[in-house]
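J.: Predicted model and sequence below, questions to follow.
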Amino acid sequence: MLVNDGAILLQRHPQATKWGLPGGAIEIDESITEALEREFIEETGIEVKPLQILAAEDGYFYMHDRGYKAIAMLYKVEMVGGKILANGNGEDTVEVKFVQLSELKSEDLLPFFRSLSLSYLGW
């Protein structure tokens with residue numbers, strides 16, 4: 001979770017109408033934090049440094065008309081470089097933006113991310 005000046009970085013998958021957080025699967029040869037750093041760059045163009053794990057939770061999500069069980073880990077990160085890709089990478093992300101926490105509503109987030117982020121966003 002990247003929060004800068006009271007705004008959180010969100011991304012939208014091409015099949016979703018609601019917002020999620022940058023992230024994805026861990027490759028066989030990488031650590032959790034290496035995957036986090038890679039996914040942030042791939043999806044948002046932003047280079048981050050993991051600072052602290054905030055939560056770990058299991059849940060379900062749907063993609064391509066199929067349900068998946070996943071384990072999500074929420075990390076607090078800081079931006080260390082890169083430039084935001086407003087249109088994402090065109091594959092698994094089509095929109096990236098910072099949203100002021102004061103303007104973000106829980107119903108704007110995908111359910112999986114909503115439950116994971118609740119206590120850390122002050123809801």
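T.: Sure thing, it's come through.

J.: Next one: the most centrally placed residue in the chain relative to Ala72, how far apart?
T.: The residue lying closest to the centre of the chain (C-alpha atoms, centre = their mean) is Leu21, at 1.7 Å. Look at Leu21 and Ala72: by C-beta to C-beta, to the nearest Å, they are 9 Å apart. Backbone N, C-alpha and C define where each C-beta goes, glycine included.

J.: can you give me how far the helix or strand where Gly81 lies is from the chain middle?
T.: Using DSSP states H and E, Gly81 falls within strand 66-82. Remark: strand 66-82 is offset 5 Å from the chain centroid, using C-alpha atoms, centre = their mean, to the nearest Å.

J.: Also stretch 70-87?
T.: On C-alpha atoms, centre = their mean, the centre of stretch 70-87 falls 6 Å from that of its chain.

J.: okay, and the helix or strand of the protein with the least pLDDT?
T.: helix 111-117 (a mean of 72; mean pLDDT, DSSP states H and E).

J.: How about exporting that one as CSV, limited to the C-alpha atoms?
T.: What follows is helix 111-117, C-alpha atoms only, in CSV (Å, rounded to 0.1, in the frame of the first residue of the first chain):
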residue,chain,number,x,y,z
PRO,A,111,-14.3,-6.7,-2.0
PHE,A,112,-11.0,-8.6,-1.5
PHE,A,113,-9.0,-5.4,-1.1
ARG,A,114,-11.8,-3.7,0.9
SER,A,115,-11.6,-6.3,3.7
LEU,A,116,-7.8,-6.3,3.7
SER,A,117,-7.5,-2.5,3.8
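
J.: Noted, bye for now.
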